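Chemist: okay, sequence plus prediction incoming.
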Amino acid sequence: MKPFVKWAGGKRQILAKIKEYIEASKSFNNDDEGDKANDFTYIEPFLGGGAVFFDLHPQKAIINDLNSELMNAYSVIKSDSYKDLINLLAKYQQEYHSKLNNPEDEDGAENYYYKVRQYDRDDGWPSNKTDVERAARMIFLNRTCYNGLYRVNSKGQFNTPIGRYKNPLICDKDNLTEIHNYFSDKQNNICIMCGTYDKAIDKAERGDIIYADPPYDYEDDDGFTKYQMSGFTFEDFEKLKKSLDKAINRGATVIISNNATEKVINLFNQDPKYKVFYLFEKLSTLRSINSNGDGRQSGREVIILGMQNILPQANSMERIIKFAMLCDNELLKDKKQIMEKLNLTTERQVLYYLQALQYLRFINQLPEYTERITAIYDDENKIKEDIYNQLIENKLFSDVYNDAISKNKNVNIEYIVNEIEHMKINLAPATIRRRASTIKAWVEWMISYKGL
Ligand SMILES: C[S@@+](CC[C@H](N)C(=O)[O-])C[C@H]1O[C@@H](n2cnc3c(N)ncnc32)[C@H](O)[C@@H]1O
């Protein structure tokens, strides 16, 4: 199964990476508790052509886009009228090809294309056409227009010129039938929505996975955002983050892809206060269609993984301090060296200490922890000060710390267990206790560091 439309920002190239992240999200869901890994709803609020969605073809999904012609086509393909759609597309294909191949009528194909394009300028549009007619029009235009770029003017009218294809495939019967069978299979539950992203994101529950691929943020060299053809502004990004934060707080995992502008990264890189945690990986990719529709462009892309704050599980603060002082990008690549330098015995422990450095924002990037994000200092006190500041900014740690101070510096494990239970993370009771003991050790360190 593959997308039935070509779409700007299509995700075929970074598909493998995104799938890796989705697998990782499934395993977070599976942390220490029964098999929840495959019982999730996949939510894609900015669907477009749905390259990732079709590749994954999840059993339960909520798909959404603001583009009503596009989402109408999805609905028609799901419905029993999909056969009428195929028939109408076959008619378009036959008529269009005969015009293309008729040397007597040079402008025939062009006139035909613009006549169909014109429909959304007619009085009474869109209710003067049936859903099937609208769906067929949208697919026909997508297959024959310049670069497959779906673009509308300020009145919402489709305004991409004709493309120069010699033999465009307009009716891909096999693919449409396959998509229909998948959508309408009784075992599956595919909910099609059309509107702004937040309505779809609001449906996310514990364990669900959201893949958000919003329109790209463009930035000039001087850092100012260019005119957004998509109409998706930086304020929209800020609202999107709020809506994703809430979904994460309800226990969903989020994967976001966009181009790697400073502003987007800074927005999601804000300090994790309590439960929400974002990680970044930058990739170099080739955009298939850029914003101007004038060809190919290579760009830096970022994948952001958002999830509930992972609780640390590396008990020894002395080791963490040592690691934070030693840890450069070379050492990060060498697990054996890490084991030696920190005197650890298993790879799992290495992972815990890497997670601790990540939690404390010394290093970044999943899944390989390959980059240091703060400078390396040889001053141990500076490292300690950084750790303390990072922890006191974190609501969980500051709450536990303040509770301990008010109780004569006594760090209470039950209080921590209670706080973690309130976070409603999917963790088995024994795991909660283990994580609580790390938090206790870290808060004890905070108290001794401040010499209170
Ligand atoms: C980068 S494209 C997604 C491309 C998609 N991943 C693919 O494989 O084709 C962004 C999509 O977001 C949609 N969109 C723009 N603003 C939106 C909004 N406020 N709410 C929902 N969708 C929106 C656009 O119609 C467009 O299809």
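Modeler: Sure thing, it's come through. Residues are numbered from 1 along each chain as shown.
Chemist: and the nearest residue to residue 146 once chain neighbours are set aside, what is it in contact with?
Modeler: Spatially, and ignoring its direct neighbours in sequence, residue 146 is nearest to residue 163 (4.3 Å; CB to CB, 6 or more residues apart in numbering). For glycine as for every other residue, the C-beta is placed from the backbone atoms N, C-alpha and C. Applying CB atoms under 8 Å, 6 or more residues apart in numbering, we find residue 163 in contact with 144, 145, 146, 147, 148.
Chemist: so how many other residues sit close to the nearest residue to the last one once chain neighbours are set aside?
Modeler: When you say that, I think you mean residue 148. Counting by CB to CB, 6+ apart, residue 148 lies nearest to residue 6, which is 3.1 Å off, once chain neighbours are set aside. Other residues near residue 6 number 18, with proximity taken as other CB atoms under 10 Å.
Chemist: from residue 165, how far out is residue 6?
Modeler: Shown here: residue 6 relative to residue 165, a distance of 11 Å by CB to CB, to the nearest Å.
Chemist: now swap in residue 122 and tell me
Modeler: 25 Å.
Chemist: more crowded one of those two?
Modeler: residue 165 (16 against 10).
Chemist: give me the mean pLDDT for the helix or strand harbouring residue 438.
Modeler: Using DSSP states H and E, residue 438 sits in helix 429-450. For helix 429-450, mean pLDDT rounds to 94.
Chemist: show me what it is packed against.
Modeler: Applying 3 or more CB pairs under 8 Å, 6 or more residues apart in numbering; DSSP states H and E, we find helix 429-450 packed against helix 317-326, helix 380-392, helix 395-406, helix 413-423.
Chemist: out of the ones you listed, nearest to the ligand?
Modeler: Closest to the ligand of the helices and strands packed on helix 429-450 is helix 413-423 (CB to the nearest ligand atom; 29.4 Å).
Chemist: all helices of the stretch 251-400 of the chain, in order?
Modeler: All helices of the stretch 251-400 of the chain, identified by DSSP state H, counting those that start in this stretch, fall at 262-268, 317-326, 329-332, 335-342, 347-359, 380-392, 395-406.
Chemist: can you name every helix or strand that the fifth one contacts?
Modeler: Based on contacts counted as 3+ CB pairs under 8 Å, 6+ apart, the elements that helix 347-359 packs against are helix 317-326, helix 335-342, strand 363-364.
Chemist: now do it and helix 380-392, the angle between them.
Modeler: 80 degrees (axes from the mean of the first three to the mean of the last three CA atoms, to 10 degrees).
Chemist: dump helix 347-359 to CSV, restricted to CA.
Modeler: Once non-C-alpha atoms are left out, helix 347-359 reads as follows in CSV (Å, rounded to 0.1, in the frame of the first residue of the first chain):
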residue,chain,number,x,y,z
GLU,A,347,26.2,-2.5,29.5
ARG,A,348,22.9,-1.9,31.1
GLN,A,349,24.6,0.2,33.8
VAL,A,350,26.3,2.2,31.1
LEU,A,351,22.9,2.9,29.6
TYR,A,352,21.7,4.1,33.0
TYR,A,353,24.6,6.5,33.4
LEU,A,354,24.1,7.7,29.8
GLN,A,355,20.5,8.4,30.6
ALA,A,356,21.5,10.2,33.8
LEU,A,357,23.7,12.6,31.8
GLN,A,358,20.9,13.0,29.3
TYR,A,359,18.4,13.7,32.1
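Chemist: residues in contact with that helix?
Modeler: Contact with helix 347-359 is made by 279, 310, 312-314, 319-320, 323-324, 327, 332, 335, 338-339, 342, 344, 363-364, 369, as judged by CB under 8 Å, 6+ apart.
Chemist: dump the helices and strands packed on helix 347-359 to TSV, plus distance to the ligand and mean pLDDT.
Modeler: As requested, the helices and strands packed on helix 347-359 are arranged in TSV below (distance: least, CB to the nearest ligand atom, whole Å; pLDDT from 0 to 100):
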stretch	distance to the ligand	mean pLDDT
helix 317-326	38	97
helix 335-342	35	95
strand 363-364	24	80
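Chemist: return the most buried member of those.
Modeler: Using mean count of other CB atoms under 10 Å, the stretch among those with the largest mean neighbour count is strand 363-364, at a mean of 21.
Chemist: partners of that one, with directions?
Modeler: Neighbouring strands of strand 363-364 in its sheet, by DSSP bridges, are strand 371-372 (antiparallel).
Chemist: and the partner strand, how far out from the chain's middle?
Modeler: Chain-centre distance of strand 371-372: 22 Å, with CA atoms, centre = their mean, to the nearest Å.
Chemist: next: stretch 128-141.
Modeler: Distance, stretch centre to chain centre, for stretch 128-141: 30 Å (CA atoms, centre = their mean).
Chemist: quick one, strands of the chain?
Modeler: 42-44, 60-65, 189-194, 209-212, 253-259, 276-287, 297-308, 363-364, 371-372 (DSSP state E).
Chemist: for residue 435, which non-adjacent residue is closest in space?
Modeler: For residue 435, ignoring the flanking residues on the chain, the nearest one in space by CB to CB, 6+ apart is residue 311 at 4.0 Å.
Chemist: pretty sure that neighbour sits against residue 419.
Modeler: No - with contact defined as CB atoms under 8 Å, residue 311 and residue 419 do not form a contacting pair (10.3 Å).
Chemist: how much space separates residue 246 from the ligand?
Modeler: Look at residue 246 and the ligand: by CB to the nearest ligand atom, to the nearest Å, they are 16 Å apart.
Chemist: quick one, what contacts that residue?
Modeler: 201, 202.
Chemist: quickly list what residue 190 is bridged to.
Modeler: With DSSP bridges as the rule, residue 190 is bridged to residue 61.
Chemist: wait, residue 433 touches residue 420, no?
Modeler: No - the criterion here is CB under 8 Å, and residue 433 misses it with residue 420 at 9.2 Å.
Chemist: higher neighbour count, the two?
Modeler: residue 420 (18 against 14).
Chemist: the more buried one: what's its closest spatial neighbour, skipping adjacent residues?
Modeler: residue 432 (5.1 Å).
Chemist: swap in residue 283?
Modeler: Counting by CB to CB, 6+ apart, the residue nearest residue 283 is residue 301, at 4.8 Å.
Chemist: pretty sure the one you found is touching residue 259, no?
Modeler: Yes - counting by CB under 8 Å, residue 301 touches residue 259, with 5.7 Å between them.
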